Every structure is written in structure tokens, then in C-alpha cells.
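Asker: Pasting the sequence and the predicted coordinates here, then a few questions.
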Amino acid sequence: MTADATDECPDCAALGERHWVHLRQCLTCGHVACCDSSPHRHATAHHGASGHPVMRSHEPGESWRWCYPDNRLV
């Protein structure tokens, strides 16, 4: 896994927006994207486009993971 070295949602930044709520990181490829509480829900969009199943919180002090296929925390 190669982690995006970012503290922003690069997908939002590419749109010229800075209105994400929290960041998530794909455990398969390391892509960082915004959460479902953010306007564009890029983490879920990444799962839909890539099929990568698990994202983790990219927030300091958080270690939980979300499994999209099982729709639950793991």
C-alpha cells in the first residue's frame, strides 16, 4: 500500500473545494478521500469505482476500519 501523503481530500481539492468533514484512507491502495458526511462522499465513490473493500479513518487518534461489502466496522 502506498499512502497518499495528504491532510486533505485530493478529489475535493481537484474540484477547488475545501469542505470535507473527515478523511478516510483505502487499505488496498492508500488513496485518501472524504467521508460520507462530506458533500462529495469521495471515500464511498472510491470504493464504488475501485471495488477496494476497506477504508480506515485517516484522522489523528482514530484506528477504526469500515468494510463496505459487510457494511460494518471491523
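Answerer: Looks like it came in fine. Residues are numbered from 1 along each chain as shown.
Asker: going forward, measure contacts between C-alpha atoms and count neighbours the same way
Answerer: Noted.
Asker: Can you give me the distance of Arg56 to Leu15?
Answerer: Counting by Cα to Cα, to the nearest Å, the gap from Arg56 to Leu15 is 23 Å.
Asker: Hmm, I typed the wrong one, I wanted His22.
Answerer: Relative to Leu15, and taking Cα to Cα, His22 is found at 17 Å.
Asker: List the residues that contact the residue positioned nearest the centre of the chain.
Answerer: The residue lying closest to the centre of the chain (Cα atoms, centre = their mean) is Arg24, at 3.0 Å. Listed by Cα atoms under 8 Å, 6 or more residues apart in numbering, the contact set of Arg24 reads Val32, Ala33, Cys34, Cys35, Ala43, Met55, Arg56, Ser57, His58, Glu59.
Asker: does it sit in a helix, a strand or a coil?
Answerer: Following DSSP: H, G, I helix; E, B strand; the rest coil, we place Arg24 in the strand state.
Asker: I'd like to know the beta-bridge partner residues of it.
Answerer: Ala33, Ser57 (DSSP bridges).
Asker: okay, it: pLDDT?
Answerer: Looking at Arg24, its pLDDT stands at 97.
Asker: let's have the chain start at 483 instead
Answerer: Sounds good: first residue 483 from here, last item Arg506.
Asker: ok, so what distance separates it from Pro551?
Answerer: Counting by Cα to Cα - Arg506 and Pro551 are separated by 16 Å.
Asker: Isn't Pro521 up against Trp502?
Answerer: Yes - Pro521 lies in contact with Trp502 (Cα atoms under 8 Å); the separation is 6.9 Å.
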